[in-house]
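> Sequence and predicted structure below; questions after.
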Amino acid sequence: MPIFEVDNLHLHYLTRFGAKIPAVAGVTFSMEKGEVLGIAGESGCGKSTLVNGCMGLFIPPLWPTSGNVRVDGESIMGRSPKDVRKNILGRKVAMIPQGAFNSLNPTRKIKDQAADMIVSHESNVDKKALYERLRQRFDLIGMETEKVLGAYPIQLTAGTRQRCVIGISTLLDPKMVIADEPTSALDVTTQKAVIRMIFDLLDKQIFSTMIFITHELPLLRHVANRIAVMYAGEFVELGTTDQVIFDPRHPYTKALMGAMLSAEPGQRQRKPVAIEGAPPNLAYPISGCRFAERCPQVRPECRVNKQEIRIVADRQVRCDYAE
Ligand SMILES: Nc1ncnc2c1ncn2[C@@H]1O[C@H](COP(=O)(O)OP(=O)(O)OP(=O)(O)O)[C@@H](O)[C@H]1O
Ligand SMILES: [Mg+2]
C-alpha cells in the first residue's frame, strides 16, 4: 500500500474580491515508503500551494476545491485544523517550510520549542525524560546539543536555526517529510550542511519518505528517486530522476532542463534554452494546454484541447504530441 496518495487534488485561493484562483489543478501521484520525490518548476507554478494542501492544513485564503490526500491509507481532507495539528502534523507528515529558520519563536529557547512539539502531541510527558529524549535526538542528528538546546534562536546562525527546525519537526518520527526549498535563502556552505543533515536523517531512518522541493535541479539528481515537473498548477511530467533529467519528453521539461543544467560542469556544451514568455494568469479560465503560449512545438489543436496525462516512454506526460 502506498504511504502517501494524492488523488486529483484541486486547490484554490479565494481573493478579497471573491475570485477563485485555481492554483493546483488536478494533481495525482502516490509514494511508496522509502521514496524521495522531487518537485521542480518555475516560481509561482504552485509547488508550495500543493504541499500545503498535502498537509491538510488550509489557512485562508487557501481552500480545497476537490480531490483527496491519504497518508497511510487515512484521508486528511475535510478535518478540523485542530484535529490536523494534533493528529497529522509532525506525527504523520512533517513540513520543513520555505524560510523555516525564521519560523522559530525568538523569545523561547530551542529546548522549550522542541519540548512543545512533543507535549502538544503526547499526554503525561515526564519533564526529565523529555529533556533526555531531546538531548539524545539532538546528539543523534549531530547538533552541538548543549549549546543549541539552551540558546535563543537569535544566538544561532541561520544554518543552525534551520537544522534545529528540521530536528524539531522530525522529533515524532513522522511517516514522511515535506521539505519546501529547505536551503533557499542560505549561503552555499550552509546549504551543504543542511542537505547533509537531511541525508543523514534519511540514512538513520528517522524518516524514510520525502517530498523535496527545490530550484536546484542538480541537487534533485542526488536526492530524488522520481521527479515531478509542475507548470501552472499541473504536473506535466512525472518519471524517474534519470528519465526526467536526461531524457525529458514534455516540451516544458525539456526547456526547464535546458535552462537549469546548462550551468553545470560537463553540461556546458548544452545550449541554455531560455523559456520565453510567462505562465498563464490563473485568474482567467484556460482552454487547451497551459503551456501552449510558450511551447516551441505548439499546434493549433493545443490551444483548444485540454491535455491529459498519458504514458510516454514509461513515464507520465501531459502532452498529446510528446513522444
Ligand atoms: N495568498 C494568495 N492569494 C492568491 N494567490 C496566491 C496566494 N499565494 C499564492 N498565490 C498564487 O498561487 C500560485 C502558486 O503559488 P506558490 O507559492 O504555490 O508557487 P511556488 O511554485 O511555491 O513558487 P516559489 O518557487 O516562488 O516558491 C501563484 O500564481 C501565486 O500567485
Ligand atoms: Mg514556494
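Thanks, I have it. Ligands and ions are numbered 1, 2, ... in the order given.
> What residues does the protein have near ligand 2?
Residues of the chain found near ligand 2 (CB under 5 Å from the ion) are 47-48. C-betas here are computed from N, CA, C, even on glycine.
> Where in the chain is the helix or strand with the lowest mean pLDDT?
Across the helices and strands of the chain, mean confidence by mean pLDDT, DSSP states H and E is lowest for helix 217-223: a mean of 83.
> buried sites along that one?
When burial is assessed from 16 or more other CB atoms under 10 Å, helix 217-223 yields the following buried residues: 217, 220-221, 223.
> so which residue of the stretch 201-323 of the chain comes closest to ligand 2?
Closest approach between the stretch 201-323 of the chain and ligand 2, counting by CB to the ion: I213, at 6.8 Å.
> Quickly list what that residue is bridged to.
Beta-bridge pairing for I213 (DSSP bridges): I39, D180.
> didn't E234 look like it was pressed against F29?
No: with contact defined as CB atoms under 8 Å, E234 does not reach F29; the gap is 11.7 Å.
> ok, the residue of the stretch 201-323 of the chain closest to ligand 2 touching T183?
No: using CB under 8 Å, I213 is not in contact with T183, being 10.6 Å away.
> Just confirm yes or no for stretch 38-52 near ligand 1.
Yes: interface with ligand 1: stretch 38-52 contributes 41, 43-49 (CB under 6 Å from any ligand atom).
> with the residues you listed in mind, which one is nearest to ligand 2?
Among the residues of stretch 38-52 next to ligand 1, and counting by CB to the ion, the member closest to ligand 2 is S48, at 3.1 Å.
> Is L9 part of a helix or strand, or is it coil?
Assigned by DSSP: H, G, I helix; E, B strand; the rest coil, the conformation of L9 is strand.
> residue contacts, it?
For L9, the contacting residues are 24, 26-28, 50, 53-54, 64, 66-69, by CB atoms under 8 Å, 6 or more residues apart in numbering.
> Could you do D72 as well?
Taking CB under 8 Å, 6+ apart, we find D72 in contact with 1, 3-4, 92, 175.
> State the pLDDT value of it.
pLDDT, D72: 91.
> Next: L186.
What the model reports as pLDDT for L186 is 86.
> Tell me the residue in this structure that is farthest from the middle.
K128 (35.0 Å; CA atoms, centre = their mean).
> quick one: F138 is in a helix?
Yes: under three-state DSSP, F138 falls within a helix.
> what about it, neighbour count?
By other CB atoms under 10 Å, the residues close to F138 number 24.
> State the helix or strand in which C164 lies.
Assigned by DSSP states H and E, C164 belongs to helix 158-169.
> list the buried ones in that helix?
Residues of helix 158-169 classed as buried under the neighbour-count rule (16+ other CB under 10 Å) are 158-169.
> same deal with stretch 182-202?
182-183, 186, 190-191, 193-195, 197-198, 201-202.
> go on, stretch 18-27?
The neighbour-count criterion (16+ other CB under 10 Å) identifies 21-27 as the buried residues of stretch 18-27.
> What of stretch 122-131?
Within stretch 122-131, the residues scored as buried using 16+ other CB under 10 Å are L130.
> next one: that stretch to chain centre, how far?
How far stretch 122-131 lies from its chain's middle: 31 Å, per CA atoms, centre = their mean, to the nearest Å.
> same question, stretch 298-307
Distance, stretch centre to chain centre, for stretch 298-307: 30 Å (CA atoms, centre = their mean).
> Could you tell me the average pLDDT over it, please?
Computed over stretch 298-307, the mean pLDDT rounds to 96.
> And T49, which helix or strand is it part of?
helix 47-54.
> Which SSE is immediately downstream of that helix?
Tracing the chain past helix 47-54, the next element assigned as helix or strand by DSSP H and E is strand 62-71.
> That next one pairs with which strands, and in what direction?
Here strand 62-71 is paired, per DSSP bridges, with strand 4-14 (antiparallel), strand 74-75 (antiparallel).
> List the contacts of the following helix or strand past the shortest one.
Moving toward the C-terminus from strand 74-75, the first helix or strand encountered (DSSP H and E) is helix 81-87. With CB under 8 Å, 6+ apart as the test, helix 81-87 has contacts from 55-58, 76, 120-121.
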